[in-house]
Each structure stands twice: as structure tokens, then as C-alpha cells.
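Chemist: Here is my input; please provide its structure:
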Amino acid sequence: MLTGLRRQWPIAVSLGVVLVGLMVVAMGHFRRGTVLLSFGVTLALFLRILLSQDDAGMLAVRSKRVDVVVLAVLAIATSLLALWVPPPST
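Modeler: Predicted coordinates:
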């Protein structure tokens, strides 16, 4: 059982970063949180590119090409969102 969970470290690390980003957003720091969220998705993208089908664990949903394209679109979209939204005026 524990061995199966250890094999899922790529998705656990990526989701951990995304969850930290969402917590930062919830604390009122939108830009910092979305940059962290974008970093988590980008991390998942690079892990999916670098790891084999077996090592990627639950990051491997479809073919490698489809997974990489979907993660790249999400990473670019969240990065643009983080940089596009103006900071709050004080």
C-alpha cells in the first residue's frame, strides 16, 4: 500500500504547490497565489515531460502528448492571469 503511494509523488508535489497557491489567494494575495498556482502546474508539466509513463503515476492520464499540451495551456493561462490582473490600488 505504501509503495503505491510513494509512486504518486509527482502528482502529490504538484498538487501540494497548487494548494499552497490557493491558500495564499484565500489569504488575500491574488498575484502571489496565482504565481504559485502557475508554478505548480508548470512543475507538473515538466515532471510529465521528464518522467516515463510508469514513473509519472497519476500525472499520466492520456498520451504524453495530450497531457503535455493540456498542462502547457493551463500553465500559460494561469501565468497570464497572474501577470495580467492589476495589483489592488491602496
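Chemist: Quick check: closest non-adjacent residue to the residue most central in space within the chain.
Modeler: Nearest to the centroid of the C-alpha atoms of the chain, with distances taken as C-alpha atoms, centre = their mean, sits V41, at 1.9 Å. Once flanking residues are discounted, V41 sits nearest to A75: 4.5 Å by C-beta to C-beta, 6 or more residues apart in numbering. Every residue, glycine included, has its C-beta placed from N, CA and C.
Chemist: ok, that neighbour - how many residues close by?
Modeler: Neighbours of A75 under the rule other C-beta atoms under 10 Å: 20.
Chemist: and the host helix or strand of A82, what does it pack onto?
Modeler: A82 belongs to helix 64-84 when elements are defined using DSSP states H and E. On a contact count with 3 or more C-beta pairs under 8 Å, 6 or more residues apart in numbering; DSSP states H and E, helix 64-84 meets helix 30-50.
Chemist: list the buried ones in the helix it packs on?
Modeler: For helix 30-50, a neighbour-count test (16 or more other C-beta atoms under 10 Å) marks 30-31, 33-45, 47-48 as buried.
Chemist: for stretch 58-65, same thing?
Modeler: Residues L59, A60 are the ones in stretch 58-65 that count as buried (16+ other C-beta under 10 Å).
Chemist: For it, list the C-alpha coordinates in PDB.
Modeler: Output of stretch 58-65 as PDB, limited to C-alpha atoms (Å, rounded to 0.1, in the frame of the first residue of the first chain):
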ATOM      1  CA  MET A  58      -1.300   9.700 -11.800                       C
ATOM      2  CA  LEU A  59       0.100  12.600 -13.900                       C
ATOM      3  CA  ALA A  60      -0.100  10.200 -16.900                       C
ATOM      4  CA  VAL A  61      -3.800  10.500 -17.800                       C
ATOM      5  CA  ARG A  62      -3.800  10.200 -21.500                       C
ATOM      6  CA  SER A  63      -1.000  10.000 -24.000                       C
ATOM      7  CA  LYS A  64       2.100  12.000 -23.100                       C
ATOM      8  CA  ARG A  65       1.500  14.400 -26.000                       C
END
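Chemist: low-scoring pLDDT stretches of the chain, where are they?
Modeler: Low-confidence segments of the chain, defined by pLDDT under 70: 1-2, 90.
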